[in-house]
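[1] the following block contains a protein sequence and its predicted model.
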Amino acid sequence: MDPKQLFSWYFPFGHRYVTQEIWVIDVSRERVASMYHETLSDDWPYEDWQEYDDWVEDYLTGELSAL
């Protein structure tokens, strides 16, 4: 993948240090995925993509309530 094209399809916007996951937005489909940092960008289309609200419920609700 050409590095100049990285953010035209996907945008990494955060991470979870403990599990070493990165959080990525699929810009064209407006969906979000959490994936291990070793996942190659060529494999990103095959990850478990979710609607943003569902992703927040699954991945952030516990973390946000702990604040």
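    Received the coordinates, thanks. Residues are numbered from 1 along each chain as shown.
[2] helices of the protein, start to end?
    Secondary structure of the chain (DSSP state H): helices at 6-9, 52-59, 61-65.
[3] gap between the second one and the chain center?
    Taking Cα atoms, centre = their mean, to the nearest Å, the mean C-alpha location of helix 52-59 is offset from the chain mean by 11 Å.
[4] mean pLDDT lowest for which of the helices of the chain?
    Lowest mean pLDDT of the helices of the chain: helix 61-65, a mean of 61.
[5] so where is this protein shaky, pLDDT-wise?
    Counting by pLDDT under 70, the low-confidence segments of the chain come to 1-8, 62-67.
[6] please redo it, this time with the cut-off set to 80
    1-9, 41, 61-67 (pLDDT under 80).
[7] ok, which stretches of this protein are strands?
    For the chain, the strands defined by DSSP state E occupy 10-16, 21-26, 31-36, 50-51.
[8] dump these to JSON lines, plus distance to L60 and mean neighbour count.
    Every C-beta, even on glycine, is put in place using the N, C-alpha and C of the backbone. As requested, the strands of the chain are exported to JSON lines (distance: least, Cβ to Cβ, whole Å; neighbours: other Cβ atoms under 10 Å):
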{"stretch": "strand 10-16", "distance to L60": "9", "mean neighbour count": "14"}
{"stretch": "strand 21-26", "distance to L60": "9", "mean neighbour count": "18"}
{"stretch": "strand 31-36", "distance to L60": "10", "mean neighbour count": "18"}
{"stretch": "strand 50-51", "distance to L60": "12", "mean neighbour count": "14"}
